[in-house]
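Asks: what follows is a predicted structure for the sequence shown.
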Amino acid sequence: MRNKMLKFTLLLTAGFIVLLLVGGACAVVVPVITQLTFNTVPDMYSSISGDGSTIAFSSRMDGDWEIFVVNSDGTGLTQLTFNTASDEYPSISGDGSKIAFRSNVDGDREIFVINSDGTGLTQLTFNTADDMMPSISGDGSKITFESWDGDWEISVMDSDGTGLTQLTFNTENDYVPSISNDGSKIAFFSLVDGDNEIFLCQLVPDHVIPEIPLGTVIASAAMIIALVAYAAKHK
Ligand SMILES: [Ca+2]
Ligand SMILES: [Ca+2]
Ligand SMILES: [Ca+2]
Ligand SMILES: [Ca+2]
């Protein structure tokens, strides 16, 4: 009986060692989920910075939609917008310093940008159509969004509102754009072929016209003058 117990204990120990060895060879992901907001109103549309430090989101904490930020450890909850309009769909830059969002504070939906410390609130679009779903590049330089011209189209602009450029021109819906870290690539989906497809738009820098050396211009002009003179002489 005692021998049987000893054998069983040895087997059990060996089994644990094998399990430990196998377990040691596996990468185990342990999810740690942390609740960051605690209230009785909707908190939605979270966007986390590329460095993982800051989360922007929309909340109805003050009775209508506002933009908030919170540090990823739950500290530093800060309300950034204060109005009676709907401020929603924040998109936060890579270092967490800049947030693009949309608001209907002027009567229709427009794109805004604000610093995560609450300074620098700036309206970037000014039109009577709806401008929605902003996505700010990781470096904070560009913002892409969808805009209504009878159907949804994709546009892009610098994050100070300059360089506004419409990228799609068709009669189907092009929407929910997402922009790369350096602002050079925009992915979006479109109904252009009847069911939704994924598209990529690459923003190629302006073509640079090569500089022509002054000597070449003078030589070319001299040659033209000589040819005209020769033609006049021999007509
Ligand atoms: Ca809530
Ligand atoms: Ca509001
Ligand atoms: Ca608008
Ligand atoms: Ca379209």
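Replies: Looks like it came in fine. Ligands and ions are numbered 1, 2, ... in the order given.

Asks: contacts made by the host helix or strand of F112 with the rest, please.
Replies: Assigned by DSSP states H and E, F112 falls within strand 110-115. Strand 110-115 is contacted by residues 67, 80-81, 87, 97-104, 120-127, 131, 134, 136, 143, 145, 159 when judged by CB atoms under 8 Å, 6 or more residues apart in numbering. Where you see a C-beta, it was placed from the backbone N, CA and C, and this is true even at glycine.

Asks: give me that answer again for 6 Å
Replies: For strand 110-115, contacts defined as CB atoms under 6 Å, 6 or more residues apart in numbering pick out 80, 99-103, 121-125, 131, 134, 145, 159.

Asks: stretch 82-89 too?
Replies: So stretch 82-89 is contacted by 45, 58, 64-67, 81, 101-105, 133 (CB under 6 Å, 6+ apart).

Asks: near ligand 2 at all, it?
Replies: Yes. Using CB under 5 Å from the ion, we find that stretch 82-89 touches ligand 2 at 83, 85, 87.

Asks: inside strands: which ones of these?
Replies: D87 (DSSP state E).

Asks: right, is the strand holding F112 up against ligand 2?
Replies: No. Using CB under 5 Å from the ion, strand 110-115 stays clear of ligand 2, with a minimum separation of 11.0 Å.

Asks: please export the C-alpha coordinates of that strand as PDB.
Replies: Provided in PDB are the C-alpha atoms of strand 110-115 (Å, rounded to 0.1, in the frame of the first residue of the first chain):
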ATOM      1  CA  GLU A 110     -18.100  69.900 -38.300                       C
ATOM      2  CA  ILE A 111     -14.600  68.600 -37.600                       C
ATOM      3  CA  PHE A 112     -12.700  70.100 -34.700                       C
ATOM      4  CA  VAL A 113      -9.300  69.600 -33.100                       C
ATOM      5  CA  ILE A 114      -8.300  70.200 -29.400                       C
ATOM      6  CA  ASN A 115      -5.200  69.600 -27.300                       C
END
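
Asks: and that strand, which strands flank it?
Replies: strand 98-103 (antiparallel), strand 122-123 (antiparallel) (DSSP bridges).

Asks: what bridges to the residue most central in space within the chain?
Replies: Of all residues in the chain, the one closest to the mean position by CA atoms, centre = their mean is S135, 3.3 Å from it. Counting by DSSP bridges, S135 forms beta bridges with T144.
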